[in-house]
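Student: requesting a structural model of the entry that follows:
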Amino acid sequence: MAKNPKLIAVTSGKGGTGKSSICYGIGYTLAKQGNRTLIIELDFGLRCLDIMFGMSGRVDYDLGDVLSGKRQILDAVVTVPSASNLSILCAPKDAFMKVTAEQVVEICRNIRKYFDYIIIDTGAGINSHVFDIVEQANLILVVTTPDPICIRDATMMSDEFYKRGNKRQRLIVNKLSPNDLKSGMITNLDDIIDTVGIQLLGVIPEDYALKESTGKGTVLPTNAPSLAAFDAISKRLMGDQIPLVIK
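Tutor: Numbering: from 1, shown residues only. Just a heads-up that it's a prediction; the model follows:
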């Protein structure tokens, strides 16, 4: 049993950055590398992990059942068929159910001995509710796309964490396409890193295979560019010195 699992919060300043896909990819590759991994879905309005992992209609209980006291936590934790080391705890079916930071901490405390990594898929947006939950993590992954609006929101979110004294942040740039550079929307990656002000952890290329796999609930093909990027990020999280994978 794990004694000190790493608690990782994945968050973003606005919706549409692909935050859940990041959780999907990092969770899958961490598990494939031998780590007992759990993804807790807190984005109540956009419950999707069951679909992404090909488990739609096969999840009997979720976080809502745990919060309401109807079920114990382990009753609602489901193992992903494609990765025996990977489990998910899906968001409630009720999109308006509330959860507090204290409840998240208690859930993680009660289940942490079973996992090496716990990934929290937070709700998007800059609000105190998200900050209170995310600040409980050992590491905060701030997700942005090359879109200037997303970059600004990521910057605002990172600045607020710094104001609160939280420096445990890393940046993930998602959906990077060669067209982003050709169009002049961004000059280079350094511009994004300098603007947001967080050390870069990884870059996920725009990849139709990832979109198709998460939509159909199938495993990412081994030749998918995004899989190589997720694999590299996961190894960095484990402490390995892995160069950036950008294709």
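
Student: okay, helices next: where are they in this structure?
Tutor: 19-32, 49-52, 63-67, 73-76, 101-111, 128-134, 148-163, 178-182, 189-196, 208-216, 225-237 (DSSP state H).

Student: quick one: closest of those to Leu141.
Tutor: Nearest to Leu141, of all the helices of the chain, is helix 19-32, at 7.1 Å by C-beta to C-beta. Using the backbone N, CA and C atoms, a C-beta is placed for each residue, glycine as well.

Student: angle of that closest one against helix 208-216?
Tutor: Here helix 19-32 runs at an angle of 90 degrees relative to helix 208-216 (axes from the mean of the first three to the mean of the last three C-alpha atoms, to 10 degrees).

Student: pick the most buried one from the helices of the chain.
Tutor: Sort the helices of the chain by mean neighbour count, taking mean count of other C-beta atoms under 10 Å, and helix 19-32 sits at the top with a mean of 25.

Student: orientation of that one relative to helix 225-237 in degrees?
Tutor: Using the same axes, to 10 degrees: helix 19-32 against helix 225-237 is 70 degrees.

Student: CA-only coordinates of helix 19-32 in CSV, if you can.
Tutor: What follows is helix 19-32, C-alpha atoms only, in CSV (Å, rounded to 0.1, in the frame of the first residue of the first chain):
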residue,chain,number,x,y,z
LYS,A,19,-8.3,19.4,-19.0
SER,A,20,-10.1,16.0,-18.8
SER,A,21,-8.1,14.7,-21.7
ILE,A,22,-5.0,15.6,-19.9
CYS,A,23,-6.2,13.6,-16.9
TYR,A,24,-7.0,10.8,-19.2
GLY,A,25,-3.6,10.7,-20.8
ILE,A,26,-1.5,11.2,-17.7
GLY,A,27,-3.6,8.8,-15.7
TYR,A,28,-3.3,6.1,-18.4
THR,A,29,0.4,6.4,-18.8
LEU,A,30,1.2,6.6,-15.1
ALA,A,31,-0.8,3.4,-14.7
LYS,A,32,1.0,1.7,-17.6
